[in-house]
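> Below are the sequence and a predicted model; questions follow.
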Amino acid sequence: WVGVLGPRVLELRQTESDCFFRCLGEVASAESAPAAETVDHVRAELVDYFQLSKPLAPMYEHWASADRRMNRIAAALPGMRVLRQEPHECLFSFICSSNNNIGRIGGILQSLRARYGPRISLYEGIDTADAATFGGDEITDLQAVDDEAFFAFPSVETLAEASEEELRGLGLGYRADFIRQTALALRQKGDGWLCSLREEDVDTVREELCALRGVGPKVADCVALFSLDQVETVPVDTHVWDIACREFDPSLRECLSLTPNVYARVGALFRSRFGTYSGWAHQLLFAAELPQFRSRLPADMVEEMAEWRGGGGGGAHK
DNA sequence: CAGGTC
DNA sequence: CCTGG
């Protein structure tokens, strides 16, 4: 895998027993430390990003014993971790995700980076073709506009200065104003404000995030789980609602829309079943719904899921 | 209708 | 309600 983490382009390659990494480039402004120090620093950042100090095996065992279906999914999808993203990037990204599809979200975020983010220049002698072949992945997976363009995520300051019109031009649609407004609010609240929410309790985090433009319960929960250490939080989107209907409580199917009441019921179901790390358990169940992981699941399970989707009349069961 | 919010 | 499939 090749992509941007903070101010650097990183390459990761996983083998049976190890995970290798190297840095391919960095933003020009970053004062480059001695190479040996950078390696240690990047290693520490990866440990933080993938939350490697949290042992996953005990969680998997707990979830597997709590749920028959989860037992099989856990076996099929090992190592599914929740990322610990940079909170500002996470927040803006999930504001872009609302009422939107994954493909377009990725495009919008790449446009945001390319237009407002600092460019990352690759080190001498490194090109993305190297990077792509090294990992054996397609070059289409790269977060590059062209063959050599990488950008870090833009700062709050830069986004606050952006015009709504220009943001719309990048394909953000009505979310353009959400981005600008939230950037302005964050600038006013000061640099460390968002990260400081990591020290707060779930309810405070939710309340503070929901006060921002473009942030409702679902987006708030995503930011809480994926960047603010709220391991118990379960973001409920249309897919997670489906999972809850299908696996935990068919009566949820009667509800016409994802109202706050339904939202709360679904989260409560996950927490009663999976406990403290329900957000992480949710991540595994959610991943199992995605087309990219479907092929790894047992055939009868895939069939059961397809039947549910089709049986509802192409999603018309709502 | 898509990984919702105003 | 932006926008693309």
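That came in fine, so what should we check first? Please read these numbers as outputs of a predicted model, since none were measured by experiment. Numbers count the residues shown, from 1 in each chain, chains lettered A, B, ... in the order given.
> contacts and neighbour counts: CA atoms only from here.
OK.
> Residue A:258 versus whichever residue of the stretch 101-250 of chain A sits closest to DNA strand C, what's the distance?
Residue nearest to DNA strand C within the stretch 101-250 of chain A (CA to the nearest atom of the strand): residue A:173, separated by 3.5 Å. From residue A:173 across to residue A:258, the span is 23 Å (CA to CA, to the nearest Å).
> and the closest residue in space to residue A:67 that isn't next to it in sequence, what helix or strand is that in?
Of all residues not flanking residue A:67 in the chain, residue A:273 sits nearest, at 7.7 Å (CA to CA, 6 or more residues apart in numbering). Per DSSP states H and E: residue A:273 is located in helix A:260-274.
> what does that helix contact?
A:62-63, A:66-67, A:232-236, A:241, A:244, A:248, A:252, A:255, A:278, A:281-282 (CA atoms under 8 Å, 6 or more residues apart in numbering).
> mind listing what the longest strand belonging to chain A pairs with, with the direction of each?
Ranked by residue count, the top strand of chain A under DSSP state E comes out as strand A:19-27. Partners of strand A:19-27 in the sheet, by DSSP bridges, are strand A:8-14 (antiparallel), strand A:119-122 (antiparallel).
> Averaged pLDDT, the longest one. What do you get?
Same thing as strand A:8-14. Across strand A:8-14, pLDDT averages out at 96.
> Report the buried residues of that strand.
Neighbour counts over strand A:8-14 (16 or more other CA atoms under 10 Å) mark A:8-12 as buried.
> Can you pick out the most distant pair from those?
Within these, two members stand farthest from each other by CA to CA: A:8 and A:12, at 12.5 Å.
> per-domain residue ranges of chain A.
A:1-52+A:125-135, A:56-81+A:232-311, A:83-117+A:152-230 (the TED database).
> Ranking those domains by mean neighbour count, which comes first?
Highest mean neighbour count among the domains of chain A (mean count of other CA atoms under 10 Å): domain A:83-117+A:152-230, with a mean of 18.
> ok, back up a step: looking at the domains of chain A, which is nearest to DNA strand B?
Using CA to the nearest atom of the strand, the nearest of the domains of chain A to DNA strand B is domain A:83-117+A:152-230, at 3.0 Å.
> related to what we said a few turns ago, and the contacts of the longest strand of chain A?
Residues outside strand A:19-27 that contact it (CA under 8 Å, 6+ apart) are A:7-14, A:39, A:118-123, A:126, A:152.
> Recalculate using a threshold of 7 Å.
A:7-14, A:118-123, A:126 (CA atoms under 7 Å, 6 or more residues apart in numbering).
> DNA strand B next: which of those are close?
Among the contacts of strand A:19-27, no residue is within reach of DNA strand B (CA under 7 Å from any atom of the strand).
> farthest-separated two in these?
A:14 and A:118 (28.5 Å).
> would you put the C-alpha positions of the longest strand of chain A in CSV?
Written as CSV, here are the backbone C-alpha positions of strand A:19-27 (Å, rounded to 0.1, in the frame of the first residue of the first chain):
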residue,chain,number,x,y,z
CYS,A,19,5.1,-5.5,8.0
PHE,A,20,7.8,-3.4,6.2
PHE,A,21,7.5,0.3,5.7
ARG,A,22,9.5,3.0,4.1
CYS,A,23,9.1,6.7,3.6
LEU,A,24,8.9,7.9,-0.1
GLY,A,25,8.7,11.6,0.5
GLU,A,26,7.6,14.4,2.7
VAL,A,27,6.2,17.9,2.6
